[in-house]
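Undergrad: sequence first, then the predicted structure:
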Amino acid sequence: MLAADYPFLDVFWTMLVFFIWVAWFMMLFRVIADIFRRHDIGGGSKTLWLIFVILLPFLGVFVYLISQSQEIAQRDAGQAQASQEQFGEYVKSVAGSGGPAAEIERAKQLLDSGAISQGEFEKLKQQALA
């Protein structure tokens, strides 16, 4: 081998093999995680896919990726959208009410509608400014 004659090429070859090895395991775990996360197939189908991926790992992973690539992308997009919506709801739940100006405006609307008196409006205004 050419890489054995030059130490730099030997190091480079080792790094390349290690990178491919890590990438392979990332892909394998990604496929296994996707099999478990699927809701469109039952336990028997999941078991068959897992047996296929474990007994014939290269063939199993590549067949799964080729046959399920569109569905994987759809599940990822759905999960990202659900996470974004959940984050948006969380932000809305912890966000402030708009500050003192918004509270005074709401109190003014209540005053204009006759729901509160002028004294109650002044009290709410002082609370908002405090």
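TA: It's in. All of these numbers come straight from a predicted model, not from anything done at the bench.
Undergrad: packing partners of whatever helix or strand A77 lives in?
TA: Assigned by DSSP states H and E, A77 belongs to helix 57-94. Using 3 or more Cβ pairs under 8 Å, 6 or more residues apart in numbering; DSSP states H and E, the elements in contact with helix 57-94 are helix 7-37, helix 43-55. Just so you know, the C-beta spots here come from the backbone N, C-alpha and C atoms, and that holds for glycine as well.
Undergrad: and these: which comes nearest G98?
TA: helix 7-37 (39.2 Å; Cβ to Cβ).
Undergrad: other SSEs contacting that closest one?
TA: By 3+ Cβ pairs under 8 Å, 6+ apart, helix 7-37 packs against helix 43-55, helix 57-94.
Undergrad: and those helices as JSON lines, adding mean pLDDT, distance to P100 and mean neighbour count?
TA: Shown next, in JSON lines, are those (pLDDT from 0 to 100; distance: least, Cβ to Cβ, whole Å; neighbours: other Cβ atoms under 10 Å):
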{"stretch": "helix 43-55", "mean pLDDT": "95", "distance to P100": "55", "mean neighbour count": "13"}
{"stretch": "helix 57-94", "mean pLDDT": "92", "distance to P100": "18", "mean neighbour count": "12"}
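Undergrad: how about JSON lines for those helices, with distance to E120 added?
TA: Output for those, formatted as JSON lines (distance: least, Cβ to Cβ, whole Å):
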{"stretch": "helix 43-55", "distance to E120": "62"}
{"stretch": "helix 57-94", "distance to E120": "28"}
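Undergrad: mind checking how far A115 is from R37?
TA: Using Cβ to Cβ, to the nearest Å, A115 is found at 51 Å from R37.
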